[in-house]
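Peer 1: Fold the following and give me the result.
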Amino acid sequence: MTQSDIVQKVWNYCNVLRDDGVSYGDYLEQLTYLLFLKMAYEYSKPPYNRESIIPKGLDWESLKSKEGSELEAHYIKILQELGRKSGLLGLIFRKAQNKIQDPAKLKRLISLIDQENWVGLDIDVKGEIYEGLLQKNAEDTKSGAGQYFTPRPLIKAIVEVMRPQPNMTICDPACGTGGFLIAAYEYITKHYPLDKEQKEFLKNKAFKGWEIVDNTARLCAMNLYLHGIGGENSIPVIVQDALAVDPGERFDMVLTNPPFGKKSSITITNEEGKEDKGGLIYQRDDFWVTTSNKQLNFLQHVKTILKINGKAAVVIPDNVLFEGGAGEVIRRKLLHEFDVHTLLRLPTGIFYAQGVKANVLFFDKKPAREKPWTEKLWIYDFRTNKKFTLKKNPLRFEDLQDFIKCFNPENRLERKETERFKAFTYDELINRDKVNLDITWLKDKSLDDIENLPHPDELLSEILNEIESIYEEFRDI
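Peer 2: As a prediction, the model looks like this:
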């Protein structure tokens, strides 16, 4: 069977279950449980002969031999009992529930999975099947999973310029289904010949992710496992709100696309504190400023968890570039204490959330000193006069080649200005009103042509962002 045959076979079955009222998200969950049981069984057989982490009687063989209501009852028992275990097993089966109400459909899914030797498949093939299903899940608007799905071509381009290396520790504090961690893993395995110790480090110690949503963390754990990351006793994903505490760990690289929503019922206060505005409060003395803006708090969290000389790439919405109050304080601090060297302005139409205007901010953590670390911020405008849609004109990796070339990861000191790539000095930035980094210089052709005006959803999203920002500023006053 070819790779595309297997992908198509799994997708076709997905559509059968969908007709039965099972969403892609629920289908993917059930597939996660069953695939894991099957692969654990395969690893216990020659040539691997590993000791299975699945207790006898709760394993694949016990599931395969049953039918009808007996199968359904036994499947529920397996999910419940494995969910109480520790380690990777407990994470994958945490709060697991059977969503396949028809035992005949469950039996068909078990038969489908049993026909393949999953462990024998090339890792890339297993990963591709799973990534394909995750993308399909993101496209299923009813599941709401699009919020967790960063376009893979964008992730690949970010990793391409960040250049992770062997023995680096790499973190995503809002890891979703694990796209950034997997792309970093694939970059390292492709570009470096690894010795045994480096391979062991890459599998069990290099990656760490935080994810607040149980189901998404489960998909992430399984996605990483299918790509060869993590093991029985090494859990790369923590199910927790990353912003709740300083984890104490520091990382060489942070790659992340935090949740887009700005409003949060949680206010995070720094050591100076501030009046209680109601809702939950996290105390983070390592933060520069108190705010309930989730995006600004993630930026503050990233600056904390980076090692000195560590590198970060963070996807942020436009409001983080221009918002006053806490936003201005954070931008001033960031430009002074970090080398904020690159900003990629992203086009609309590449995310599953409608009308999102986002950017990627690249910065390096530096030791303390009086002189500002940012000398120049280079901005690449990949937004003006660029039109992408999810279906008809999706973003491709090739579309970001010019950005990768301009970024010049081999030597950032030898960058050259182009029509879309301009440098702004620290003094220019710090003297702008509210240290506003929302900078454009290209003429937007769509403004001359009424037929090319942005989609109403985009315009509405912009207006709402502006109103929310003004509201936040008034509230601070």
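Peer 1: C-terminal to the helix or strand of the chain with the lowest mean pLDDT, what's the next element?
Peer 2: Least confident helix or strand of the chain, by mean pLDDT, DSSP states H and E, is helix 123-139 with a mean of 65. Downstream of helix 123-139, the next assigned helix or strand under DSSP states H and E is helix 152-162.
Peer 1: Residue 445: how many residues sit nearby?
Peer 2: Look at residue 445: counted by other CB atoms under 10 Å, it has 10 neighbours. Every C-beta, even on glycine, is put in place using the N, C-alpha and C of the backbone.
Peer 1: Which residue, neighbours along the chain excluded, lies closest to it?
Peer 2: Counting by CB to CB, 6 or more residues apart in numbering, residue 445 lies nearest to residue 385, which is 5.3 Å off, once chain neighbours are set aside.
Peer 1: where does that neighbour land in three-state SS?
Peer 2: coil (DSSP: H, G, I helix; E, B strand; the rest coil).
Peer 1: I'd guessed it sits against residue 440; true?
Peer 2: No: in this structure, residue 385 is not within contact of residue 440 by CB atoms under 8 Å, at 11.1 Å.
Peer 1: Could you check how far residue 266 is from residue 208?
Peer 2: 22 Å (CB to CB, to the nearest Å).
Peer 1: the more surrounded of the two?
Peer 2: Set residue 266 next to residue 208 and count neighbours by other CB under 10 Å: residue 208 wins out with 21 against 14.
Peer 1: so which strand or helix has the more buried one?
Peer 2: strand 207-211.
Peer 1: ok, longest strand in the protein?
Peer 2: strand 306-317 (DSSP state E).
Peer 1: buried set for that one?
Peer 2: 306, 310, 311, 312, 313, 314, 315, 316, 317 (16 or more other CB atoms under 10 Å).
Peer 1: Quick check: what element follows that strand along the chain?
Peer 2: Next along from strand 306-317, by DSSP H and E: helix 319-322.
Peer 1: Show me what that next one packs onto, helices and strands only.
Peer 2: helix 294-305, helix 326-337, strand 358-365, helix 456-476 (3 or more CB pairs under 8 Å, 6 or more residues apart in numbering; DSSP states H and E).
Peer 1: how about the strands in the chain?
Peer 2: Using DSSP E, strands in the chain cover 170-172, 207-211, 237-239, 251-256, 266-269, 280-283, 306-317, 338-345, 358-365, 376-381, 421-425.
Peer 1: and among those, the most buried is which?
Peer 2: Of the strands of the chain, the one with the most neighbours on average (mean count of other CB atoms under 10 Å) is strand 170-172, at a mean of 27.
Peer 1: Redo the buried residues of strand 306-317 as CSV? Include distance to residue 82 and pLDDT.
Peer 2: Below are the buried residues of strand 306-317 laid out as CSV (distance: CB to CB, whole Å; pLDDT from 0 to 100):
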residue, distance to residue 82, pLDDT
306, 36, 97
310, 37, 97
311, 38, 98
312, 36, 98
313, 36, 98
314, 35, 97
315, 34, 95
316, 38, 94
317, 39, 91
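Peer 1: Among the residues you listed, which one sits closest to residue 164?
Peer 2: residue 311 (9.0 Å; CB to CB).
Peer 1: Just give me the residue closest to the centre of the chain.
Peer 2: Nearest to the mean C-alpha position of the chain, counting by CA atoms, centre = their mean, stands residue 175 at 3.9 Å.
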